[in-house]
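Participant: Okay, sequence plus prediction incoming.
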Amino acid sequence: MEHKQKTVRRNKGGRPKKGAADKLKYRLTVKMATSDYYTLKGKARSAGISAGEFLRRCMRDGQVKERLSPEHTGYVRKLCGMANNLNQLAHKANAAGFVTVRMECRILVARIEELLNLILL
């Protein structure tokens, strides 16, 4: 009689191996000022995690807003100028009465609405 041996995989115990996506195999060097470094260390310590884990979570969960394009910067500059004009009209209305600046205010409000629509699109 032939006796067939079964190959039984025995559990060696210990932690299962990490997959390729879970391994931390890339190193990134970041230069920062002393104040930034200690701010990072303090925030990581208060969160109870390492500085590296803190940065990974910030990268994964946080958000960084992109800079304004030159076009949007121009819109914001125009909006600031219109706010200055509106302030001057309010001063004029307080001095001479609202009736004298009513049409100027309506025109300025329409221009502000147009500019806001351009910014929001």
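Facilitator: It's in. Residues are numbered from 1 along each chain as shown.

Participant: Okay, residue 9 and residue 56: tell me how far apart.
Facilitator: 34 Å (Cβ to Cβ, to the nearest Å). The C-beta positions use only the backbone N, C-alpha and C, and glycine is treated the same way.

Participant: before we move on, what about residue 62?
Facilitator: 10 Å.

Participant: Between the two, which is the more surrounded one?
Facilitator: residue 56 (13 against 8; other Cβ atoms under 10 Å).

Participant: how would you label that one: helix, strand or coil?
Facilitator: Three-state assignment for residue 56 (DSSP: H, G, I helix; E, B strand; the rest coil): helix.

Participant: can you check residue 22 too?
Facilitator: coil.

Participant: and it, how many neighbours?
Facilitator: 8.

Participant: what does residue 16 give?
Facilitator: Count around residue 16 with other Cβ under 10 Å applied: 5.
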